[in-house]
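[1] Predicted model follows, preceded by the sequence.
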Amino acid sequence: MELGPEILEFEGAAIDSAPEKQAGPIEKVIEITKSGFRKLGFPDLSLEELGEDGVEDLLDALLYPDESTEEELAFPDHVQELDDTQVALRGYMIPNVQKDGKVTEFMLVADLLSCCFGGAPTPDQWVDVKMVDGNTSEYFAFVPIRVKGRFWLQVIEDEAGYASGCFHIDGVEVEREP
């Protein structure tokens, strides 16, 4: 019975060495699934480069576009490129609307600590998902899921009329992540 090689070959940096800094900008490689969906995680939606004030300005500009400049309305390029594309985004389900035991609308959050069990998620840490074309989902409690559908950008107002987010998915499929 052969259990494997006696010596394992290792390629790469030594364990105790620091990673080398890359010169120039880092390009994100977004995997495209066989069905044509861009496989994403919440880091791909990050608005961090805008800073806290920049994100607030962006949301206000989306809420009041007539009173805003083009610069205030500008998403980072890596997020703008995702607008109106097919995505498969990983996160956690917080159901909003259920019909006959099936979820039809929910928040997809980056992690559960940024929502129900902690503070409110930042605008780039949640997505409003509405299942479309008669599709529904079972409720996946406390486990990671992947939502497939059309991603789009538009301001989301809270009950008091303030801008609280900007990411949407028209969901067509929800599956539990392994």
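    Perfect, thanks for sending it.

[2] ok, residue 74 - contacts?
    For residue 74, the contact set (Cβ atoms under 8 Å, 6 or more residues apart in numbering) comprises 58, 80. C-beta: built from backbone N, CA, C; applies to glycine.

[3] ok, what's across the strand from the residue nearest to residue 35 when sequence neighbours are not counted?
    Nearest non-adjacent residue to residue 35, counting by Cβ to Cβ, 6 or more residues apart in numbering: residue 148, 7.5 Å away. Beta-bridge pairing of residue 148, defined through DSSP bridges, involves residue 88, residue 173.

[4] Residue 148: neighbour count?
    Residues within reach of residue 148, counting by other Cβ atoms under 10 Å, total 22.

[5] what do you get for residue 79?
    20.

[6] Next one, pLDDT for the closest residue in space to it that isn't next to it in sequence please.
    Leaving aside its sequence neighbours, residue 79 sits nearest to residue 45 (Cβ to Cβ, 6+ apart; 6.1 Å). Reading off the confidence values, residue 45 has pLDDT 97.

[7] quick one: contacts for residue 45?
    Residues counted as contacts of residue 45 (Cβ under 8 Å, 6+ apart) are 79, 82, 89, 124, 127, 167.

[8] Restricted to helices, list the residues you listed.
    residue 79 (DSSP state H).

[9] Go through the contacts of residue 45 and name the one nearest residue 57.
    Comparing these against residue 57 with Cβ to Cβ places residue 124 closest, at 14.0 Å.
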